[in-house]
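> need a 3D model of the following:
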Amino acid sequence: MCSHQPPCPAAESADHDAARIVVSRPEQGWSLLCNGVVIFDDTGELLPDRRAVEPRRPALV
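Okay, here's the model as predicted:
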């Protein structure tokens, strides 16, 4: 999916959130990254292989 240089981190990389946004739908609360990852406003993610990543919530003190 990534055609620019330097290429974005792969969806499997620990830093996959650093990829460029290619589609943004703020009114719906999501964005599609260049590496195929869908990120949500609540910090949850959907990976290209259809695995879901739970939102990262701050620890309660």
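
> by mean pLDDT, point me to the weakest helix or strand of this protein.
strand 52-53 (a mean of 92; mean pLDDT, DSSP states H and E).

> that one: partners in the sheet, and parallel or antiparallel?
Note on strand 52-53: by DSSP bridges, its sheet partners are strand 45-46 (antiparallel).

> quick one: contacts of the strand it pairs with?
With contact meaning C-beta atoms under 8 Å, 6 or more residues apart in numbering, strand 45-46 is reached by D17, V37, V38, I39, F40, A52, V53. Any C-beta I mention is one placed from the backbone N, CA and C, and that applies to glycine too.

> tell me the average confidence for that strand?
Strand 45-46 shows a mean pLDDT of 95.

> how far off centre is the least confident helix or strand of the chain?
10 Å (C-alpha atoms, centre = their mean, to the nearest Å).

> dihedrals phi and psi, A18?
phi -80, psi 0 (degrees, to the nearest 10).

> the one 5 residues further on now?
Torsion angles at V23 (phi, psi; degrees, to the nearest 10) stand at phi -140, psi 130.

> ok, it touching L32?
Yes. The criterion here is C-beta atoms under 8 Å, and V23 meets it with L32 at 4.1 Å.

> okay, these two: which has more neighbours?
L32 (17 against 10; other C-beta atoms under 10 Å).

> isn't that one up against V38?
Yes. The criterion here is C-beta under 8 Å, and L32 meets it with V38 at 5.5 Å.

> which stretches in this protein count as strands?
21-25, 30-33, 38-40, 45-46, 52-53 (DSSP state E).

> and those as TSV, adding distance to P7?
Shown next, in TSV, are those (distance: least, C-beta to C-beta, whole Å):
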stretch	distance to P7
strand 21-25	13
strand 30-33	12
strand 38-40	18
strand 45-46	19
strand 52-53	21
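
> which one, of the ones you listed, ends up nearest to S3?
Nearest to S3 among these is strand 21-25; the distance by C-beta to C-beta comes to 10.3 Å.

> list the neighbouring strands of the closest one plus their orientation.
Counting by DSSP bridges, strand 21-25 is paired with strand 30-33 (antiparallel).

> got a list of contacts for the strand it pairs with?
8, 16-17, 19-25, 38-41.
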